[in-house]
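Participant: Compute the structure for the input listed below.
(one chain, ligands or ions: 2)
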Amino acid sequence: MSRTMLGRFGVFCTLLAVALQVCLASVNVTVTPKVEVIKGETAKLPCSYTISNPTSNVVVQWYIEVSGARKQIAYKSSQGFDVEAGTPLSDRLTIGEDFSISISPVIVDDERSYFCQVTAGPLGVSDAETQVKVFFAPEKPVITGNSQAITVSHESTSSSEVGKCTSRNAYPKHRIIWFKDDNPLPAENIQKEKTYMIPSLVTEASGLFTITSTLYMQPVKTDAKSVFHCTVEYFMPENKTLHQNSDKFNLSLLYSTEKVDFKLKNQGPIKEGDDVEMVCETDGNPQPEFEFTKEDSPLNGQKGTLHLKSVTRNDMGTYKCDAQDFDALPGVELTKTLHLSVHYIDPMEVIPAGPLLVSKGDVVELLCKTKSSDAHTVHWTKDSKPVMNSGVLIIQEVTLAQAGVYICVGAVPSVPGLQKQANVTLNVRGVPEIDASRDVSVTKVGEMVTLNCSALGYPPSQFTWKPSGKESVTVVGNRVISTVTLEATAAVLANGVMCEAYNDHGKNSRHFKVSIKSDAEQGANSNDANRENPVFKTAEKQQGGSSAVVIAVVVCVLLLLILVALLFFLSKKGKLSCGKKDKKDVASEEVKGGIVVEMKSSEKGNEESGLLNKPHA
Ligand SMILES: *[C@@H]1O[C@H](CO)[C@@H](O)[C@H](O)[C@H]1NC(C)=O
Ligand SMILES: *[C@@H]1O[C@H](CO)[C@@H](O)[C@H](O)[C@H]1NC(C)=O
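Facilitator: Residues are numbered from 1 along each chain as shown. Ligands and ions are numbered 1, 2, ... in the order given. As a prediction, the model looks like this:
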């Protein structure tokens, strides 16, 4: 064999030996290929291995790569474990019993590859790589530089800065998306476009990123109604993509008037006395100054509003609003007009004017009329009741009761609330006419009674009471009412009280009866203590009105009752042989009724005889 052949064989053998060694070496290292961790938290990098033959001589080493070269950061052997000093991780690294390492707290720079290498003496060496990914959520994006007003110009071709959106401290890199009315604006950083964004990125000392995006636009008028905001899109572990919105903002745009609007604020037709408000507005921003005129005379408006207090028909006419927008394009109509109509009704005129004085039985004719801007109605009322549905009121043969205040109302039905009224007092001359009134009763002699005497007639009645008492007079409508309070003496109870009403034309009088209320009425029939009982009243009248007599009558009635009961009893036992059936009916009816007096009270005239007849039956 030649030297070269020998040499070749030697190389072959060496290669074979190496290959054999590699194949036989059975050290197997297992790590987590990717560890995701939030900055500031703890990253745990596990490492485990298997070897074919047990050997005590196992060394586990952790490396990082620094400028292309591996640098050991920690190792572990049967002799113990150690964290390498002088690496960026030295202070934050711990080694677990199970060959894992923990980094805490994690910083942005910890994002790199970590190698776990296991050397098992003759069995060989093996390693595995773990990639650490660091994440950090940014702060809520903040809008700045959006406060300046932007002029919307018809000629301008350059875009204006609309706002800046800044999102601080994210890792990995995040991005900003702009929105107008919740629709994303296409990302565009070419300044030739009308809308574009200029992004900028800053790496903070912490390694976190801060991005800013400045939005440029050529706003149009309608953008004033739009709402803008930005959103930051960022990444978190487990392939999550998250978003966070900035506050929303409006553009403050300045643009000139294209249209003027001049309107009446009032609803419905305007009548005299109303307050009127007219508003002039443009579609420009800001609102210009306004000048108001009516038939060329200037008026005082406030910020586009013209107030007219309590208008009259003289305020009717054409009003003009002039918007003083000097930036408006030529041809824009800056003046608007408005016609104001004021509806009215004149005061009601009554012919003849009151107060009127006529005699009872006369014919009365009243005419009420007015003028108004629109069709109107007229009607008459008296004491809140309608008396005539037109302006002409004719009363044939007027009575005293028809005296009083007549109100004439004029109204314009087409204008709610537009009405006027006038009144006239009608006095009817005549002898006083006294109204019917009730008699009164007292519980005992000497009590005070109050009587009212109400009289029609003109001139107003004066009154005389007999006997006299404490008197007072009130006037209610066309009536004069005299009230007297006096003592119900025996004489008063016997003769009653007389009211006399008189005036220039004569007099009239009325008699009041004053009676005593019965005990039965006050006791048994106490439900209506004031009710008059005819039984006792007639008895009282017959016997001279003394209360002793009343008591006697009551005793009498009771005795009669007992007698009737006795008769009934006897007839039932057969001891009395006459008119069995009739008597039975009478008696049972009375017993059942319980109150004989009540039964009798229905018949005024027959009561005494009725009571007296019964025992004879
Ligand atoms: C933007 O403007 C509109 C209309 O002018 C208004 O209703 C809205 O409240 C404003 N929004 C913000 C966030 O200012
Ligand atoms: C009648 O008219 C007078 C004067 O207009 C007014 O003062 C008075 O209140 C009116 N009376 C009634 C009952 O309407």
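Participant: OK, contacts around the residue nearest to Thr94 when sequence neighbours are not counted?
Facilitator: Excluding its sequence neighbours, the residue lying closest to Thr94 (Cβ to Cβ, 6 or more residues apart in numbering) is Ser102, at 4.9 Å. C-betas here are computed from N, CA, C, even on glycine. Shown in contact with Ser102 (Cβ atoms under 8 Å, 6 or more residues apart in numbering): Thr42, Ala43, Lys44, Leu45, Leu93, Thr94, Gly96.
Participant: The third one touches Val35, doesn't it?
Facilitator: Looking back up the chat, that one is Lys44. Yes: Lys44 is in contact with Val35 according to Cβ atoms under 8 Å; the separation is 7.2 Å.
Participant: what about those two, which has more around it?
Facilitator: Using other Cβ atoms under 10 Å, the more surrounded residue of Lys44 and Val35 is Val35, with 20 against 14.
Participant: So which other helices or strands are in contact with the helix or strand hosting that one?
Facilitator: Element membership for Val35 (DSSP states H and E) is strand 34-38. Judged by 3 or more Cβ pairs under 8 Å, 6 or more residues apart in numbering; DSSP states H and E, strand 34-38 is in contact with strand 43-45, strand 125-135.
Participant: Just send those back as JSON lines, with distance to ligand 2 and mean pLDDT too.
Facilitator: Shown next, in JSON lines, are those (distance: least, Cβ to the nearest ligand atom, whole Å; pLDDT from 0 to 100):
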{"stretch": "strand 43-45", "distance to ligand 2": "96", "mean pLDDT": "95"}
{"stretch": "strand 125-135", "distance to ligand 2": "87", "mean pLDDT": "95"}
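Participant: got the residues of this structure near ligand 1?
Facilitator: Neighbours of ligand 1 within the chain, by Cβ under 6 Å from any ligand atom: Lys225, Val227, Lys248, Phe249, Asn250.
Participant: and these, which of them are in strands?
Facilitator: Within the residues of the chain next to ligand 1, residues falling in strands by DSSP state E are Val227, Phe249, Asn250.
Participant: Quick check, central residue of this protein?
Facilitator: Gln267 (22.4 Å; Cα atoms, centre = their mean).
Participant: separation between the closest residue to ligand 1 within the chain and Asn169?
Facilitator: Relative to ligand 1, the nearest point of the chain is Asn250 (3.6 Å; Cβ to the nearest ligand atom). Per Cβ to Cβ, to the nearest Å, Asn250 is found 28 Å from Asn169.
Participant: beta partners for the residue of the chain closest to ligand 1?
Facilitator: Asn250 forms beta bridges with Val227, as assigned by DSSP bridges.
Participant: wouldn't it be in contact with Ser226 here?
Facilitator: Yes: counting by Cβ under 8 Å, Ser226 is a contact partner of Asn250 at 7.5 Å.
Participant: Look at the two and report which has more neighbours.
Facilitator: Each of Asn250 and Ser226 has its neighbours counted (other Cβ under 10 Å); Ser226 has more, 17 against 12.
Participant: For that one, list the residues it contacts.
Facilitator: Lys180, Asp181, Asn250, Leu251.
Participant: Asp82 now?
Facilitator: Asp82 sits next to Ala74, Tyr75, Lys76 when contact means Cβ under 8 Å, 6+ apart.
Participant: Try it again at 10 Å.
Facilitator: Asp82 sits next to Gln72, Ala74, Tyr75, Lys76, Ile95 when contact means Cβ atoms under 10 Å, 6 or more residues apart in numbering.
Participant: measure it to ligand 2 for me?
Facilitator: In this view, Asp82 and ligand 2 are 113 Å apart by Cβ to the nearest ligand atom, to the nearest Å.
Participant: hey, what's that residue bridged with?
Facilitator: Going by DSSP bridges, Asp82 is paired in beta bridges with Tyr75.
Participant: What secondary structure category should be reported for Ala401?
Facilitator: helix (DSSP: H, G, I helix; E, B strand; the rest coil).
Participant: What sits closest to it if chain neighbours are left out?
Facilitator: Leu456 (5.9 Å).
Participant: Tell me the buried residues within the contacts of Ser226.
Facilitator: Lys180, Leu251 (16 or more other Cβ atoms under 10 Å).
Participant: Let's have the contacts of Ser226 in CSV, adding pLDDT and distance to Gly124.
Facilitator: Formatted as CSV, the contacts of Ser226 follow (pLDDT from 0 to 100; distance: Cβ to Cβ, whole Å):
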residue, pLDDT, distance to Gly124
Lys180, 95, 64
Asp181, 95, 66
Asn250, 92, 70
Leu251, 92, 70
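Participant: between the contacts of Ser226, which is closest to ligand 2?
Facilitator: Asn250 (58.5 Å).
Participant: Enumerate every residue touching the closest one.
Facilitator: Applying Cβ under 10 Å, 6+ apart, we find Asn250 in contact with Asn146, Asp223, Ala224, Lys225, Ser226, Val227, Phe228.
Participant: Surely the fourth one touches Tyr255?
Facilitator: It refers to Lys225. No: in this structure, Lys225 is not within contact of Tyr255 by Cβ atoms under 10 Å, at 11.9 Å.
Participant: Overlap in contacts, these two.
Facilitator: Contacts common to Lys225 and Tyr255, judged by Cβ under 10 Å, 6+ apart, are absent.
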